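Trainee: Requesting a structural model of the entry that follows:
(one chain, ligands or ions: 1)
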Amino acid sequence: MSNQKNNVMVKTVDLVKEFDIPGGSFFGKNKPVVHATSNVNIQIMEGETFALVGESGCGKSTLGRLLIRLLEPTKGHVEFEGVNINKLKSNDMRELRKKMQIIFQDPYASINPRMDVYNIIAEPLVTHKICATKEETKEMVKQLMKKVGIRPEFINRYPHQFSGGQRQRIGIARALALQPKLIVCDEPVSALDVSIQSQILNLLHDLQDEFKLTYLFISHDLSVVRYISDRVCVMFLGKICEIGNTEDIFTNPLHPYTKFLIDAVPKPDPTLRKENKQLLQGDIPSPVNPPSGCRFHTRCPYSKDICKEKEPQMKDFDGRQAACFLL
Ligand code: SF4
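Mentor: Below you'll find the predicted structure:
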């Protein structure tokens, strides 16, 4: 568990992100768009690990990027420590960026393979003029390497000379360089072997303790989420279905989609595998033309007439929130 406090660090207000479809009509209301996130309202508390889960294409990564303003919202805004970041001018945003960093699934894809470890980790330090001299920068890079478990004598090696797990450690060192408060971890262990996954998760946990970090942890892997997160937010087709404490979500999921996701987690005991399994109907609908009413209604085994006509709103259930007409 993390050092969760009661202060809100990040808040989204009716956050909408739509992407234009290349080649779509330029005119009128019928212009086709991908509805990536629709009226998303979440709060991430200082010091917590807040997980975003859902199937591929549900808008998790888009929401992660909106949170640190790597994307601009179509409507709504993001508040970081009470400041509307979407109204900040570029200089102020540049300052704020030091406090918010991102770790990607494949660090190899996000770093220049022709840069050595020194340049990869030093780049944000140099861009933000953190150190007075090159010696000071080099010393700081070595300290960061030690913190993430990479030997400082490897400072002049290149990414291809490291394993996937080591490359992710280098990505983490780079993210830590500016002493951020919030790190968006976008599927940070999905590309790694299971044994390496736990090492990276433990490293993230230790760094959170040491540097009082807040994580937005994006993952489709519920086992990983259960291990690392304090709270879980379940998304389906750009909408939030349920938010709650991790153990509550896993032991007593409220929303039918959360139940399906939890049932789909492989069980260690094979005799338990077929018990009480929820089966979903059909495929994930298109985010270009999402279903009316509850976006889950075309797949939900409990769908009623009202689900096709009206959109369920988030309601509070003893500190948890879920949006479903059954509840
Ligand atoms: Fe299923 Fe209706 Fe609940 Fe949506 S609102 S999850 S369709 S029961």
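
Trainee: CA only for contacts and neighbour counts going forward, please
Mentor: Noted.

Trainee: residues in the protein within reach of the ligand, list them.
Mentor: 256, 294, 296-297, 300, 302-304, 307, 312, 324-326 (C-alpha under 6 Å from any ligand atom).

Trainee: now, which of these sits nearest residue 119?
Mentor: The closest of the residues of the chain next to the ligand to residue 119 turns out to be residue 296 (C-alpha to C-alpha; 46.2 Å).

Trainee: Distance from the helix or strand hosting residue 260 to the middle of the chain?
Mentor: Here residue 260 sits within helix 256-263, counting by DSSP states H and E. Averaging C-alpha positions (C-alpha atoms, centre = their mean, to the nearest Å) puts helix 256-263 19 Å from its chain's average.

Trainee: following that helix, which helix or strand shows up next?
Mentor: That would be, after helix 256-263 and using DSSP H and E, helix 305-309.

Trainee: picking that back up, of the residues of the chain next to the ligand, buried ones?
Mentor: Neighbour counting by 16 or more other C-alpha atoms under 10 Å classes 256, 294, 296, 297, 300, 303, 307, 312, 324, 325 among the residues of the chain next to the ligand as buried.

Trainee: Go through the residues you listed and say which is closest to residue 114.
Mentor: residue 296 (45.0 Å).

Trainee: Need phi/psi at that closest one.
Mentor: Residue 296 adopts backbone torsions of phi -90, psi 0, taken as degrees, to the nearest 10.

Trainee: Please tell me the pLDDT value assigned to the residue nearest to it when sequence neighbours are not counted.
Mentor: Computed as C-alpha to C-alpha, 6 or more residues apart in numbering, the closest residue to residue 296 that is not its neighbour in sequence is residue 236, at 7.2 Å. Per-residue pLDDT puts residue 236 at 95.

Trainee: Please look at residue 236 and residue 294 and confirm they touch.
Mentor: No. Taking contacts as C-alpha atoms under 8 Å, residue 236 lies outside contact range of residue 294: 10.1 Å.

Trainee: sorry, back to before: any chance of JSON lines for the buried ones among the residues of the chain next to the ligand, columns distance to residue 36?
Mentor: Listed next are those as JSON lines, based on distance: C-alpha to C-alpha, whole Å:
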{"residue": "256", "distance to residue 36": "21"}
{"residue": "294", "distance to residue 36": "16"}
{"residue": "296", "distance to residue 36": "15"}
{"residue": "297", "distance to residue 36": "18"}
{"residue": "300", "distance to residue 36": "20"}
{"residue": "303", "distance to residue 36": "23"}
{"residue": "307", "distance to residue 36": "21"}
{"residue": "312", "distance to residue 36": "18"}
{"residue": "324", "distance to residue 36": "20"}
{"residue": "325", "distance to residue 36": "23"}
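
Trainee: Mind putting these into JSON lines with pLDDT?
Mentor: Shown next, in JSON lines, are those (pLDDT from 0 to 100):
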{"residue": "256", "pLDDT": "95"}
{"residue": "294", "pLDDT": "96"}
{"residue": "296", "pLDDT": "94"}
{"residue": "297", "pLDDT": "93"}
{"residue": "300", "pLDDT": "93"}
{"residue": "303", "pLDDT": "93"}
{"residue": "307", "pLDDT": "96"}
{"residue": "312", "pLDDT": "96"}
{"residue": "324", "pLDDT": "97"}
{"residue": "325", "pLDDT": "96"}
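
Trainee: Report the helix or strand with the lowest average pLDDT across the protein.
Mentor: helix 107-110 (a mean of 72; mean pLDDT, DSSP states H and E).

Trainee: which one of the buried ones among the residues of the chain next to the ligand sits closest to residue 143?
Mentor: Using C-alpha to C-alpha, residue 256 comes nearest to residue 143 of these, at 47.0 Å.

Trainee: residue contacts, that closest one?
Mentor: 300, 302 (C-alpha atoms under 8 Å, 6 or more residues apart in numbering).

Trainee: repeat that with 7 Å
Mentor: By C-alpha atoms under 7 Å, 6 or more residues apart in numbering, residue 256 lies in contact with residue 300.

Trainee: try residue 67
Mentor: Listed by C-alpha under 7 Å, 6+ apart, the contact partners of residue 67 are residue 78.

Trainee: Is residue 200 in a helix, a strand, or coil?
Mentor: helix (DSSP: H, G, I helix; E, B strand; the rest coil).

Trainee: Show the pLDDT at it.
Mentor: 96.

Trainee: try residue 270
Mentor: 56.

Trainee: Mind listing the residues bridging to the nearest residue to residue 53 once chain neighbours are set aside?
Mentor: Nearest residue to residue 53, sequence neighbours excluded (C-alpha to C-alpha, 6+ apart): residue 234, at 5.0 Å. With DSSP bridges as the criterion, residue 234 is bridged to residue 53, residue 242.

Trainee: if I look at residue 234, how far off is the ligand?
Mentor: With distances taken as C-alpha to the nearest ligand atom, to the nearest Å, residue 234 is found 12 Å from the ligand.

Trainee: Next, the residue nearest to residue 296: phi, psi?
Mentor: phi -140, psi 120.

Trainee: Could you list the buried residues of the least confident helix or strand of the chain?
Mentor: Buried residues in helix 107-110 (16+ other C-alpha under 10 Å): 107, 108.
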